[in-house]
Structure formats: C-alpha cells, structure tokens
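>>> Fold the following for me, if possible:
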Amino acid sequence: MFSPTMPCEGKGSPSPEKPDVEKEVKPPPKEKIEGTLGVLYDQPRHVQYATHFPIPQEESCSHECNQRLVVLFGVGKQRDDARHAIKKITKDILKVLNRKGTAETDQLAPIVPLNPGDLTFLGGEDGQKRRRNRPEAFPTAEDIFAKFQHLSHYDQHQVTAQVSRNVLEQITSFALGMSYHLPLVQHVQFIFDLMEYSLSISGLIDFAIQLLNELSVVEAELLLKSSDLVGSYTTSLCLCIVAVLRHYHACLILNQDQMAQVFEG
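Model prediction:
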C-alpha cells in the first residue's frame, strides 16, 4: 500500500553521509499504477498516510474527517471535487440497492387502480412516451467495483459505511411494517465483497451481526404478509452472514459482546 521507506531529510539537519556501497545500489523500478493512486505513490509518506488511514465513520469523528479534507485538499475546488467523487460512486451503489422491483416490492406492494384523469400530471400520452423512451441506466457491479478499487482506503471505508447503513435502514423499515422493499441477497453479498476488499473487517463483522439481529423480525413480517419469500429470503441471507462470521472467526472471538450477539442470533 505504501512506497518503500525513504530517508527523511530536514533543511536544518542534513543526514549523515552514507557508504558508497549504498549509494551505488539502486532499487528495482516499481510498477506503474494508473489513476489517482498512482500519483499518490510519488508523494511524501505522511501524505500517503493521511490519504489512506481510515477514520471511523461516526458522528463523534466528523471533525477529524473534515480536518483530513482540509489538510489534503485545502478549502477550494479540489476539496469539492474529492467530495463529489465519493458522492458519485455512493450514489451509483445506492441506485442499485434502492432499485424498485427487488425482493418484496413486486409481491407485496398494493396495486392501486388509476383513473384516466390521474395521468394528467404525466403530460398526457406525450409524457408517457418520453418516460418510456428514456429508461434509467443502472451501473453494473463490474463498473462500480472498477471505480471502487481506485479509491483510497479511507474513501473505501466511507463508501461502504454509507451503503451498509442504507441497507440496514431498508431492512429495519421492512421489519417495522413501514416498507415493502427488501434488498436482494446478492446486493448484500456485493457489499460484503466491497467491505472485504477495503479490509474493513471490523466493519464487515459489525454489519453482519446487525443484519443477523434483524432476521427473526423480518421472517415474522414475511409470515404476517403471507409472502412467497417465507423461509427462503432470511435463510439465504443468514447463509451469507454465517459464511462471513466463519471466515473471520479469529477476529470475531476477540470481541466478547459480539460473540454473545452472534450466539443469540
């Protein structure tokens, strides 16, 4: 992740001379890395550290997150561009996660008949044609991952924290009977993959446990709605959660509270 150790030389205190043997030895050239991270490798190590170090995405750490942006990008256009890039990829992921027609929407959402007069707000037949001729393009998982892997570790943690929070809100809303929408299991798996790639292992375990705590309530709500997903949705999601917890079992057992939650769940 970081470039090889370089000697730190200050202006006031020059470093002692090195032996001639060390001066003659040249390290092999590094492989060129494309994109923004490739430029970062030529920066001083403290800049690389400030760029990559993941700060917890919590309300109590908002000041540190803002200070990081100011240190790296200042207060001008460069900072706004950095924020916009993160918002763009987060929006693409949420666009996929919030796409209607997933999980419960088609099976449980009530169908309300419309009168011909109710369509006037669409602009009549011309409005309907325009809406049909402009289908919304959804980004693919491959496109999202290609952009995601070029982010810094901090940005990767920030994106996964936001999208995992959105998934939990969807499931909680459904469990409370306030929504008919559940995220697809493969979408949750995709978030697991992103968190694993970004090395956010503690965040991955925490996210999996929070999902686990909601499964029994979700299953009860599916039974109440007489859904076709009874016995299949929560089982498939639980299988993914168990896979994560088993794979990172060595990390999980270090936290006694999390182990208790997993056992009860």
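
>>> Pull the CA coordinates from stretch 209-216 and hand them back as PDB.
Provided in PDB are the C-alpha atoms of stretch 209-216 (Å, rounded to 0.1, in the frame of the first residue of the first chain):
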ATOM      1  CA  ILE A 209     -24.200  -9.000  13.200                       C
ATOM      2  CA  GLN A 210     -26.600  -6.100  12.800                       C
ATOM      3  CA  LEU A 211     -28.200  -8.000   9.900                       C
ATOM      4  CA  LEU A 212     -28.300 -11.200  11.900                       C
ATOM      5  CA  ASN A 213     -30.200  -9.400  14.700                       C
ATOM      6  CA  GLU A 214     -33.000  -8.300  12.300                       C
ATOM      7  CA  LEU A 215     -33.600 -11.700  10.600                       C
ATOM      8  CA  SER A 216     -36.100 -13.100  13.000                       C
END
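
>>> Just the mean pLDDT for that stretch, thanks.
Mean per-residue pLDDT for stretch 209-216: 91.

>>> Over to stretch 47-59?
Averaging pLDDT along stretch 47-59 gives 79.

>>> Likewise for stretch 88-107?
68.

>>> Now do the strands in the stretch 101-250 of the chain.
Assigned by DSSP state E, counting those that start in this stretch, the strands in the stretch 101-250 of the chain number zero.

>>> Sketch out the low-pLDDT regions of it for me.
Where the stretch 101-250 of the chain drops to pLDDT under 70, the residues are 101-137.

>>> 90 instead?
101-159, 161-163, 165-167, 169-187, 190, 198-200, 202, 214-234 (pLDDT under 90).

>>> where exactly do the helices run in it?
Along the stretch 101-250 of the chain, counting by DSSP state H, counting those that start in this stretch, helices occupy 105-108, 124-133, 141-148, 153-175, 185-197, 201-224, 233-247, 249-252.

>>> could you redo those helices as a markdown table and give each row mean neighbour count and distance to Lys91?
To be clear about C-beta, it is placed using only N, CA and C from the backbone, and glycine gets the same treatment. Shown next, in a markdown table, are the helices of the stretch 101-250 of the chain (neighbours: other Cβ atoms under 10 Å; distance: least, Cβ to Cβ, whole Å):
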| stretch | mean neighbour count | distance to Lys91 |
| --- | --- | --- |
| helix 105-108 | 14 | 20 |
| helix 124-133 | 10 | 21 |
| helix 141-148 | 14 | 11 |
| helix 153-175 | 20 | 10 |
| helix 185-197 | 18 | 15 |
| helix 201-224 | 18 | 20 |
| helix 233-247 | 17 | 24 |
| helix 249-252 | 13 | 31 |
